[in-house]
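Q: Here's my sequence, what's the structure:
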Amino acid sequence: MLNAVLARIDQNQNAAIERLFALMRIPSISTDPAYAEDCTRAADWLVDDLTSIGFTTTRHDTPGRPMVVARHVANGPHILFYGHYDVQPVDPLEDWNTPPFAPQLEDGAHGKLLRGRGSADDKGQLMTFVEACRAFKEVTGALPGNITILLEGEEESGSPSLIPFLEAHQGALSADIALVCDTNMWNRETPAITTSLRGTLAEEVTLHGARFDLHSGMYGGAAVNPIHILARALGALHDAHGRITLPGFYNGVPELDKATRAAWAALDFSEAAFLGAVGLGVPAGESGFSVLENIWARPTAEVNGIWGGYTGPGFKTVLPANANAKVSFRLVGDQDPEAIRASFRAWLQAQIPADMRLSFKSKDGSRGLNMQTDAPVYRRSAAALGEEWGQPAAMIGSGVSIPIVALFRSILGMDSALIGFGQEDDAIHSPNEKYDLRSFHKGARSWARILDDLCRDGWQS
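A: Numbering: from 1, shown residues only. Below you'll find the model as predicted:
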């Protein structure tokens, strides 16, 4: 049966591309209210498509953009698949070589590619799973198992409706495992399962000095300059070895186990090429750790922006009344975002003179996540990927944060398998976004293999 399903995916390629292009033509930009109706159109398109292949599908309106939930009840373990149909804005439009919502099939350096906004993030990725389900339906007359699909319309705008929605539909959405297709392969030949994510925490800081900007000739040398104070304090966030100096910051940071360190060391990864691609050559981060360890398994503190005073053409010689900065942290293991927030604020307060004050704007934090890679679901998914790609699947970490995975664990009580088919050069969030046709085609075949394995007899062994 599986071979027939795989053959049907091959036969369906042209039609599958046209379906994807139809979805990509809808400018479902969630962050811009001007595109609210387009987000609803994309949700309705998905409702119709999923219903046509046998799912019971509903559009759930929220205070923001709609959620789409498709359900097929069958015997066996319950699988939840997650993707998002909303996309990033296209600015700067003038940097696009083709219209962002007029998708095209092009020749690329590594073969055919699908060009347009949403091709990789995340419409092309989510449709790989849908196309696998479609092939099962066409070949067998039924969907492969006990499957729920959740497609979000606000992932690119902070998911403001997601937590209430998960809490309100906890019973229907709770499953044995979540499958998430919003990540990359290790390289063009090697599939990957992402098994760890860093959490995140962000603070916008304003340091208030004098009541108004001061003339630097009249007050320079007598009055405090907030930019000097804030820059000096933020510069002290790291010591000479790259370690973060906040009290208690490393509480909950685990040591990397030998097996994982050895597996990462065995990956075909060039630190020189990784940094050289962005015009750098000297690794930063904590001393004593490899580049992969620093981006996958170590926490960070980064100043993402700093400003104050006059920054226009020419000079305006003032001591600014305020200085501002945006600071973010990437967290691992059991680090507590709220404890680190409190430590950062208290530490920064201790760095400033008594006649200055601080104010903060916060962004919700999330903890880091680590999956149990020896669990059967990961082993079996890795084996299915290896059969399709002819290369063993790499178990990799990720330096980024994907909040939905933490929410699945905290609200729905389940872990996730992060399996995606993107490439580093897909230009997601940027002009000229693309998705390799090979990723789209073999991604669908990969999901067919995974579903056949997991739905046929589960993953308990």
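Q: biggest helix in this structure by residues?
A: The residue-count maximum for a helix in the chain (DSSP state H) belongs to helix 437-457.
Q: Just the mean pLDDT for that helix, thanks.
A: Mean pLDDT, computed over helix 437-457, is 95.
Q: can I get the CA coordinates of it in PDB?
A: Output of helix 437-457 as PDB, limited to C-alpha atoms (Å, rounded to 0.1, in the frame of the first residue of the first chain):
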ATOM      1  CA  LEU A 437      10.600  21.700  -5.400                       C
ATOM      2  CA  ARG A 438      12.500  18.700  -4.200                       C
ATOM      3  CA  SER A 439      11.600  19.600  -0.600                       C
ATOM      4  CA  PHE A 440       8.000  20.000  -1.500                       C
ATOM      5  CA  HIS A 441       7.900  16.700  -3.300                       C
ATOM      6  CA  LYS A 442      10.000  14.500  -1.000                       C
ATOM      7  CA  GLY A 443       8.500  16.300   2.000                       C
ATOM      8  CA  ALA A 444       5.100  14.800   1.100                       C
ATOM      9  CA  ARG A 445       6.600  11.400   0.500                       C
ATOM     10  CA  SER A 446       8.400  11.700   3.900                       C
ATOM     11  CA  TRP A 447       5.100  12.300   5.700                       C
ATOM     12  CA  ALA A 448       3.500   9.400   3.900                       C
ATOM     13  CA  ARG A 449       6.200   7.100   5.200                       C
ATOM     14  CA  ILE A 450       6.000   8.500   8.700                       C
ATOM     15  CA  LEU A 451       2.200   8.300   8.800                       C
ATOM     16  CA  ASP A 452       2.200   4.800   7.400                       C
ATOM     17  CA  ASP A 453       4.600   3.700  10.200                       C
ATOM     18  CA  LEU A 454       3.000   5.600  13.100                       C
ATOM     19  CA  CYS A 455      -0.700   4.900  12.200                       C
ATOM     20  CA  ARG A 456      -0.200   1.300  11.200                       C
ATOM     21  CA  ASP A 457       0.900   0.100  14.600                       C
END
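Q: Which strands or helices does it pack on?
A: In terms of contacts (3 or more Cβ pairs under 8 Å, 6 or more residues apart in numbering; DSSP states H and E), helix 437-457 is packed against helix 2-11, helix 13-24, strand 78-84, strand 111-115, helix 123-140, strand 146-152, helix 376-389. Heads up, the C-betas are built off the backbone N, CA and C, glycines and all.
Q: mind running it again at 7 Å?
A: Judged by 3 or more Cβ pairs under 7 Å, 6 or more residues apart in numbering; DSSP states H and E, helix 437-457 is in contact with helix 2-11, strand 111-115, helix 123-140, helix 376-389.
Q: Report the angle between that helix and strand 111-115.
A: If you take axes from the mean of the first three to the mean of the last three Cα atoms, to 10 degrees, helix 437-457 sits at 90 degrees to strand 111-115.
Q: What residues sit buried inside helix 437-457?
A: For helix 437-457, the buried set under the neighbour-count rule, 16 or more other Cβ atoms under 10 Å, comprises 437-455.
Q: Stretch 177-196 too?
A: 177-186, 190-196.
Q: Check stretch 17-37 too.
A: 17, 19-21, 23-30, 35-36.
Q: How about stretch 221-241?
A: Buried-residue list, stretch 221-241, by 16+ other Cβ under 10 Å: Val224, Asn225, Pro226, Ile227, Ile229, Leu230, Ala231, Ala233, Leu234, Leu237, His238.
Q: What is the nearest of these to Leu50?
A: Lowest distance from Leu50 to those (Cβ to Cβ) belongs to Leu237, with 47.5 Å.
Q: helices or strands next to the strand or helix carrying Leu358 in the packing?
A: Under DSSP states H and E, the secondary-structure element containing Leu358 is strand 357-366. For strand 357-366, the elements it packs on are strand 199-208, helix 337-349, judged by 3+ Cβ pairs under 7 Å, 6+ apart.
Q: Any chance of those in CSV with mean pLDDT and distance to Glu131 as columns?
A: CSV is the format used below for the helices and strands packed on strand 357-366 (pLDDT from 0 to 100; distance: least, Cβ to Cβ, whole Å):
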stretch, mean pLDDT, distance to Glu131
strand 199-208, 96, 32
helix 337-349, 97, 38
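Q: Go through these and name the closest to Thr311.
A: Among the helices and strands packed on strand 357-366, if distance is taken as Cβ to Cβ, the winner is strand 199-208, at 15.9 Å.
Q: what pairs with that closest one, and is each one parallel or antiparallel?
A: strand 322-331 (antiparallel), strand 357-366 (antiparallel) (DSSP bridges).
Q: Relative to the whole chain's centre, how far out is that strand?
A: Centroid displacement of strand 199-208 relative to its chain, using Cα atoms, centre = their mean, to the nearest Å, is 21 Å.
Q: Just the residues contacting it, thanks.
A: 226, 229-230, 321-331, 335, 337, 340-341, 344, 348, 352, 356-363, 365-368, 401 (Cβ atoms under 7 Å, 6 or more residues apart in numbering).
Q: For the protein, which residues score under the pLDDT cut-off?
A: 457-461 (pLDDT under 70).
Q: domain parsing for it?
A: 2-197+368-457, 199-253+299-365 (automatic domain parsing).
Q: could I get these as JSON lines with distance to Glu286?
A: Shown next, in JSON lines, are the domains of the chain (distance: least, Cβ to Cβ, whole Å):
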{"stretch": "domain 2-197+368-457", "distance to Glu286": "13"}
{"stretch": "domain 199-253+299-365", "distance to Glu286": "4"}
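Q: To Leu292, which of those lies closest?
A: domain 2-197+368-457 (7.4 Å).
Q: Can you tell me the centre-most residue of the chain?
A: Ile402 (4.3 Å; Cα atoms, centre = their mean).
Q: list the contacts for it?
A: Asp182, Leu197.
Q: Surely Phe274 and Leu292 touch.
A: No. Contact between Phe274 and Leu292 fails when scored by Cβ atoms under 7 Å: they sit 8.8 Å apart.
Q: out of those two, which sits in the more crowded spot?
A: Leu292 (19 against 15; other Cβ atoms under 10 Å).
Q: how near is that one to Cys455?
A: 34 Å (Cβ to Cβ, to the nearest Å).
Q: ok so, going back, so, if you compare the buried residues of stretch 17-37, which one comes nearest to Ile149?
A: Using Cβ to Cβ, the buried residues of stretch 17-37 come closest to Ile149 at Leu23, 14.1 Å.
Q: Stretch 59-70: which residues count as buried?
A: Arg59, Thr62, Gly64, Arg65, Pro66, Met67, Val68, Val69, Ala70.
Q: which SS state does the residue of the chain positioned farthest from its centre fall under?
A: What lies farthest from the middle of the chain is Met218; by Cα atoms, centre = their mean that is 49.9 Å. Secondary structure assignment for Met218 (DSSP: H, G, I helix; E, B strand; the rest coil): helix.
Q: So which of the domains of the chain is the most surrounded?
A: Ranked by mean neighbour count, these are led by domain 2-197+368-457 with a mean of 19 (mean count of other Cβ atoms under 10 Å).
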